[in-house]
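Q: when you get a sec, could you give me coordinates for this:
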Amino acid sequence: MDERPRQSIRIDLSQFKLHIHLKQKTELTLHFDSPSRMFYFAVIALVVNEMKRLGKITSISLKDHSDLLALFNETIGGSAGSSDKERLIRRVYRKWKDALPDLENGPLFKVLGKKKDLEEGAGKAYPFTEAEKDSWANLFEYRGSEENIRLRFSIDKLETGLDDIVIIYEGYQNEEAWKRFLLTLRQAGRVASLDRMAFPLPDKPSIAVLPFVNMTDDPRQDSFCDGLTEEIITTLSKIPKLFVIARNSTFTYKGRPVKVQQVAEELGVQYVLEGSVRKGGEQLRITAQLNDALTGHHLWAERYDRNQKDIFIVQDEITTHIITALQVKLTEGEQARVFSKGTKNLDAHMKVIEARYLSYQTTIEGNIRARQLAEEAIALDPNYASAYRVLALANIIDVWLGLSKDPRESLKQSLELYKKAVTLDNSFAIGYVGLGYTLMMMRQYDEAIAQAERGLELEPNSADVVFGYAFILVYIGGDSIPFFERAMRLNPKPPNLYLRIYAEALRDAGRYEEAITQLKKAIEREPEDIFSHIFLTAAYSMAGHEKEARAIAAEVFKINPKFSLEQFAKVLPYKDPVAKERYIDSLRKAGMN
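A: This next block holds a predicted model:
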């Protein structure tokens, strides 16, 4: 039986310390305690990480990682010397060959727990035996020339395998630790600047939640990651003491390698949450990290190893940690609203997430599928408020798209579904706004605005709630533009729906050129967006640009040859008949008879 003790090597990237057991049962802790020393410590970690990634103890070419060497030099290395790639490689070659193996003199590290002794006829040196010095020096092998060096951290010389060496960073291990370490270095280049902010910082803690990264090779898990992100955003948006950027804006960064500082400056926030999800069978590993973009510091980081069925608990825990880190105090009533019940059925939850996404596309095929998914979610959990809301939304979109055989019946069904949703969850702000919108479509204007105001009162920081309230004001009458502007501050990269309804408010206020600008932007994004074309036709017509109005009107019929102005007029829910007739007349003048 082999009674050889298991070797242990820890590369601590948080403290720049190397913990190692030599063959002579000597335990060492080496501290790389200055910028130039930290640089070489990172090189050791790079070599080890690559060997672990390849699954074998082998030599690693530095030329393949010259960008990382430059990153190390410019961040933890304090830009000591040139970041020219060839010079950096030569520098590493010399230190790997001569300085790092020198345990006795320790030119690149301190040996913690030991003092240098004064040797006869020489300077101070650490007191190690020849065997200990050789054991350490044997770790640093290399191949090739100075210009094309390959490095090998030869842990096998200690009778140690790759499983016995671990890279750690801020509570993470190995691959995840390395990724986090590199991410921190890339973000350390600069902090966010108030002068570079696209918008002034709000007078309350402001946060953007980036899409959680799918760390599996299965693209089908993207919707799971997106759902987790959305739920955290939705929950945080219920807190009046926070300013939370909407989903649509943060999801524009999905799949892009962006820096926290860039996100903060473009969205006008101080804090950015990022995370990842790794799913294997029924098990999840979720990581989350809250960053202060103005200081470059991490306020909080956590890793959750849980069963898939615990996803809703994890969502609440992440939200709670964010609230705590930002020093936000909630009243008992606020806590009850923030952590209101949703569903415990993961399948129902995922169906609602997908259905909601499809509904927002306002396409025939997407809406048919959204309806089906919502009905399936309700069958799985008859008490899930969000499922009833998505089904109600599908009915309304049918009316707008001209798909409903009986629009009045569709609206009636939508009304009942929204009522069911807010009965199940009386803190469901977007449900109240949807109820108000449906009542407006049914021309019950007073009750419509009352329900929408209830939603706004519950979630004044939700972009979609604020936008929904503004949407209703456009047709009922009132100063909607400040609410649109508020919604678009919460959602700086808004969907087309925001742009086109905001444009309607601008047009009705006589601000035609601004309306035209918004609608052109919407069409550039989605060339087949029929509603943006209709609204742009009206804006051009009212502004006296008859030629442009007719050209856009022709595009409407290319998108939908069956478009009926009569049917469209029936759907428009203006309370003021004069405003409605002016709108329809502007379309007639453009040739949309």
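Q: in the stretch 401-550 of the chain, which spans are helices?
A: According to DSSP state H, counting those that start in this stretch, the stretch 401-550 of the chain carries its helices in the segments 407-424, 429-441, 445-458, 463-476, 481-490, 496-508, 512-525, 530-542, 546-559.
Q: so which of these gets nearest residue 64?
A: Among those, helix 512-525 comes nearest to residue 64, with 39.5 Å by C-beta to C-beta. No exception for glycine: its C-beta is placed from N, CA and C like everyone else's.
Q: residues making contact with that closest one?
A: Applying C-beta atoms under 8 Å, 6 or more residues apart in numbering, the contact partners of helix 512-525 are 496, 499-500, 502-504, 506-507, 529, 532-533, 535-536, 539-540, 542-543.
Q: for the closest residue to residue 63 other than its chain neighbours, the count of nearby residues, please.
A: The shortest distance from residue 63 to any non-neighbouring residue, by C-beta to C-beta, 6 or more residues apart in numbering, is to residue 148 (6.3 Å). For residue 148, the neighbour count with other C-beta atoms under 10 Å is 12.
Q: before we move on, what about residue 124?
A: Neighbours of residue 124 under the rule other C-beta under 10 Å: 11.
Q: now the residue nearest to the spatial centre of the chain: phi and psi?
A: Central residue check for the chain by C-alpha atoms, centre = their mean: the C-alpha nearest the mean position is that of residue 210, 1.3 Å away. Per-residue torsions, residue 210: phi -70, psi 150 (degrees, to the nearest 10).
Q: quick check: closest non-adjacent residue to residue 50.
A: Of all residues not flanking residue 50 in the chain, residue 60 sits nearest, at 4.5 Å (C-beta to C-beta, 6+ apart).
Q: I'd assumed residue 151 was in contact with the one you found.
A: Yes - under the criterion of C-beta atoms under 8 Å, residue 60 makes contact with residue 151 at 5.4 Å.
Q: quick one: which of those two has more around it?
A: Each of residue 60 and residue 151 has its neighbours counted (other C-beta under 10 Å); residue 151 has more, 26 against 21.
Q: for that one, helix, strand, or coil?
A: For residue 151, the secondary-structure state derived from DSSP: H, G, I helix; E, B strand; the rest coil is strand.
Q: contacting residues for it?
A: 43, 47, 59-60, 62, 92, 96, 140-142.
Q: which residues touch the residue nearest to residue 50?
A: Neighbouring residues of residue 60 by C-beta under 8 Å, 6+ apart: 46-47, 50-51, 150-152.
Q: okay, and for the protein, where does confidence drop off?
A: In the predicted model, the chain carries pLDDT under 70 at residues 1-7, 24, 78-83, 118-123, 187-190, 217, 257, 332-334, 336-341.
Q: burial measure for the nearest residue to residue 174 once chain neighbours are set aside, as a count.
A: In this structure, residue 174 finds its nearest non-sequential neighbour in residue 167, 5.3 Å apart by C-beta to C-beta, 6+ apart. Residues within reach of residue 167, counting by other C-beta under 10 Å, total 23.
Q: now do the same contact list for the closest residue to the residue nearest to the centre of the chain other than its chain neighbours.
A: Excluding the flanking residues, the one nearest residue 210 by C-beta to C-beta, 6+ apart is residue 274, at 4.6 Å. The contact partners of residue 274, taken as C-beta under 8 Å, 6+ apart, are 210, 212-213, 260, 288-289, 291.
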